[in-house]
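> let's see this in three dimensions:
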Amino acid sequence: MLVLAKGLVIGFLIAAPVGPIGVLCIRRTLANGRLSGVLTGAGAAVADSFYGAVAAFGLTSVSGFLQGYQLPLQILGCLFLLYMGVTTFNTKPVMAPEDKKLAHNLHRKKGLWGDFVSTAFLTLTSPATIFSFMAVFTSLGFAALSQPDYYMASIMVLGVLLGSFLWWLFLVQSVIYFRIYLNDFRMRWINKISGVILIIFALTILGAIFIL
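Sure, this is the predicted structure:
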């Protein structure tokens, strides 16, 4: 139970900083509802648990591949983030009562799987995340061991998955709580601001990549 608790804390703390994924989760929750936000967070949680597994099980071949292709993966992720920022900026909110059900049903059929996959992709194309996990797991005695304890490592990774997912549930529920204060005008500005933030994140990371 102690190992699971440690994993929960690690997953929660690594997911908690509100970066581009957090902005996406907030925006999708506001625009498309709770399920869209939850699946957005679930995609990030699954990607976090993948990196946690790489660190916990000492999978040097995978970590070596990610490190070797870190630059093209980061560029690809930044370009996708830039695309999502522009798309979000130009999205027209659907807040009229008669349109809500139609928009929700349409997104339910076509967009929920995309919410999960796109967020997982964005998180996985940030391989620098693995080094955060490796630092934490090494300090706890789980990473890069010659004879790793696979059972304990599995419990830790499960904790990371649950901890990360708990953060996203908390964020989504908080957004739902404050959603009652929104109207069409405010949603339009939320889309604009969210889009600008995503674009800034993408351009900042791209700039850092090419400057360094």
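
> what number of residues lie near residue 151?
By other Cβ atoms under 10 Å, the residues close to residue 151 number 9. The way it works is simple: take the backbone N, C-alpha and C, and place the C-beta from them, glycine included.

> tell me which helix or strand comes right after the host helix or strand of residue 152.
Per DSSP states H and E: residue 152 is located in helix 150-178. Counting by DSSP H and E, the next helix or strand C-terminal to helix 150-178 is helix 184-211.

> mind checking the pLDDT average for that following helix?
The predicted model assigns helix 184-211 a mean pLDDT of 81.

> buried residues, that helix. List them.
By neighbour count with 16 or more other Cβ atoms under 10 Å, helix 184-211 contains the buried residues 187, 190-191, 194-195, 197-199, 201-202, 205-206.

> what's the helix or strand for the residue sitting nearest the centre point of the chain?
Residue closest to the mean C-alpha point of the chain, counted by Cα atoms, centre = their mean, is residue 44 at 3.3 Å. Here residue 44, judged by DSSP H and E, is contained in helix 34-57.

> show the contacting residues for residue 80.
118, 121-122, 125 (Cβ atoms under 8 Å, 6 or more residues apart in numbering).

> and the spatially closest residue to residue 41 that is not a sequence neighbour, how many neighbours does it have?
In this structure, residue 41 finds its nearest non-sequential neighbour in residue 168, 2.3 Å apart by Cβ to Cβ, 6 or more residues apart in numbering. Neighbour count of residue 168, defined by other Cβ under 10 Å: 27.

> got it, and residue 70?
17.

> name the spans of this protein whose pLDDT lies under the cut-off.
Applying pLDDT under 70 to the chain flags the ranges 18, 58-61, 63-67, 93-110, 127-128, 130-132, 134-149, 212.

> now do the same contact list for the residue nearest to the centre of the chain.
Neighbours of residue 44 in contact, by Cβ under 8 Å, 6+ apart: 15, 21, 25, 119-120, 122-123, 164, 168.

> separation between residue 74 and residue 204?
Residue 74 sits 12 Å away from residue 204, going by Cβ to Cβ, to the nearest Å.

> residue 175 now?
Applying Cβ to Cβ to residue 175 and residue 204 gives a distance of 24 Å.

> please name the residues that touch the nearest residue to residue 182 once chain neighbours are set aside.
Distance criterion Cβ to Cβ, 6+ apart; nearest residue to residue 182, sequence neighbours excluded, is residue 30 at 6.6 Å. By Cβ under 8 Å, 6+ apart, the contact list for residue 30 reads 175, 179, 182, 187, 190.
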